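Participant: Provided below for reference: sequence and predicted model.
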Amino acid sequence: MAIQHTCLQEEELVRRAIVALLRSLGPVEATRFLSMPRARLLDSVKRHREWQETLDQASFFDQVFGQVE
C-alpha cells in the first residue's frame, strides 16, 4: 500500500507553522524568532555547513555514539 501525500495550501502551512512555533517556544520567543533578520539566520546555516565540511564523520560518530568494536 503506497502512502500518498498532498501538499498543504500556503495559508494552512503558515498557520500550522506559527502554531507549532508558539507551542514550542511560547509567544515571546516565537515572535523574537520571526523577527530575526533573515541574514542572521542564513549566517547560522553557513557556519553550520562550514563546520560540516571540516568534520571527520568517523571521529564525530565515535564521539557521539562511542567507538564501535
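Facilitator: Noted; the coordinates are in hand.
Participant: from here on, contacts and neighbour counts on C-alpha atoms
Facilitator: OK.
Participant: Ramachandran angles for the residue nearest the centre of the chain?
Facilitator: By Cα atoms, centre = their mean, the chain has its centre lying nearest to V45, at 9.6 Å. Backbone torsions for V45, taken as degrees, to the nearest 10, come to phi -60, psi -40.
Participant: Per-residue pLDDT of it, please?
Facilitator: We have a pLDDT of 82 for V45.
Participant: Tell me the spacing between it and E53.
Facilitator: Between V45 and E53 the computed distance is 12 Å (Cα to Cα, to the nearest Å).
Participant: Over to G66?
Facilitator: 22 Å.
Participant: Just the element for P27, please.
Facilitator: helix 10-35 (DSSP states H and E).
Participant: any idea of the mean pLDDT for that helix?
Facilitator: 94.
Participant: same for it, what does it pack against?
Facilitator: Helix 10-35 sits against no helix or strand, with contacts defined as 3 or more Cα pairs under 8 Å, 6 or more residues apart in numbering; DSSP states H and E.
Participant: No further queries at this time; thank you.
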